[in-house]
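> Here is my input; please provide its structure:
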Amino acid sequence: MMKSLYDVPAPAKLNLFLHITGRRPDGYHLLESAMVLIDWCDTLHFEHRADGSISREDLGTPLPADDLIVRAARALQRATGTTQGAHILVDKRIPSQAGMGGGSSDAASTLLALHRLWKLDLPLAALAAIGLQLGADVPFFLSGGNAWVAGIGEKMSPLEVETGLFVVVKPPDGLDTRLIFSDPSLKRDSDTAILAGFAANPQGFGNNDMQVVAQKHCPGVSQALEWLAAQGLNGRMTGSGSAVFAWAPAEVALNAAPAGFEVRRCRGLQAHPLRGWARV
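As a prediction, the model looks like this:
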């Protein structure tokens, strides 16, 4: 019996563009996006518990008691009927409410790691079905690589894109996704995107339909975009914010950011570090 899994990465993501193309009768928004993984990661450690309990210990930023990591572990227990448990240690580095998918990535890495620790031998599709109940971005992080994403996050196609270097800026304040989606001024009728159009100009394609609304609710988004512009970089918000990013040449020089803003140079990843941890 495997007793532990240490140093399990959970990478963040960026939405290179994000269009809202409609809304379902149940209220869920229909999205289109090119999503890529970056090397800004949380790190999780898993220790086997034979008593069936799920416990979590925060090594960095404190998390809510019933966060997506704990919920993912319990969802996997329910789906499989396993009596095994785990103690999970979390070194949280990806900021919350940033549009970078940190919580969803943690949930996906938890599903993959516990699936391995508990020797469950589920197909990846079964883990993705569990993940979709936890959050729309979880299946993306389970998919193994960068993806063209549509629907409510469940429709994915592998995406080949040279990502290179990004400068990512996180303002001090976060943004609640519910605040963005509930705003009546949110644009919800973008035209359906064409992959060929994106492939021809990935750095300049489309926009983020949530950005204008986010700037209204969080001045830090505008400040971060203005700072990137002052560096000669064309910024855009990722997800529902508040982090923004820009493609950047490797030699780009950066001036000091405003107080409280976190700036990172991040590399794009071509594959998820845990790719292959569940059978296809």
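> contacts and neighbour counts: CA atoms only from here.
OK.
> Which parts of the protein are helices?
Read by DSSP state H, the chain holds these helices, from start to end of the chain: 68-80, 102-117, 124-134, 138-143, 177-181, 195-200, 211-217, 219-230.
> Need those helices in JSON lines (columns: mean pLDDT and mean neighbour count).
As requested, those are exported to JSON lines (pLDDT from 0 to 100; neighbours: other C-alpha atoms under 10 Å):
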{"stretch": "helix 68-80", "mean pLDDT": "98", "mean neighbour count": "19"}
{"stretch": "helix 102-117", "mean pLDDT": "98", "mean neighbour count": "25"}
{"stretch": "helix 124-134", "mean pLDDT": "95", "mean neighbour count": "18"}
{"stretch": "helix 138-143", "mean pLDDT": "96", "mean neighbour count": "28"}
{"stretch": "helix 177-181", "mean pLDDT": "93", "mean neighbour count": "15"}
{"stretch": "helix 195-200", "mean pLDDT": "91", "mean neighbour count": "12"}
{"stretch": "helix 211-217", "mean pLDDT": "97", "mean neighbour count": "18"}
{"stretch": "helix 219-230", "mean pLDDT": "98", "mean neighbour count": "20"}
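> show me where pLDDT drops low in this protein?
1 (pLDDT under 70).
> Next, name the residue at the spatial heart of this protein.
Nearest to the mean C-alpha position of the chain, by C-alpha atoms, centre = their mean, lies G101 at 2.2 Å.
> residue contacts, it?
G101 makes contacts with 12-13, 137, 239, as judged by C-alpha atoms under 8 Å, 6 or more residues apart in numbering.
> Out of these, flag the one nearest to G22.
G239 (16.4 Å; C-alpha to C-alpha).
> Got phi/psi on the closest one?
G239 has phi and psi values of phi 50, psi -140 when expressed as degrees, to the nearest 10.
> Provide a list of residues in contact with the closest residue to it other than its chain neighbours.
For G239, the nearest residue in space outside its immediate sequence neighbours is G99; the separation is 4.2 Å by C-alpha to C-alpha, 6 or more residues apart in numbering. With contacts defined as C-alpha under 8 Å, 6+ apart, the neighbours of G99 are 14, 238-243.
> what do you get for Q84?
When contacts are counted by C-alpha under 8 Å, 6+ apart, Q84 is found next to 48-53, 77, 118.
> circling back to that earlier point, from the contacts of G101, pick the one nearest C41.
Within the set of the contacts of G101, A12 lies nearest C41; the separation is 5.9 Å, counting by C-alpha to C-alpha.
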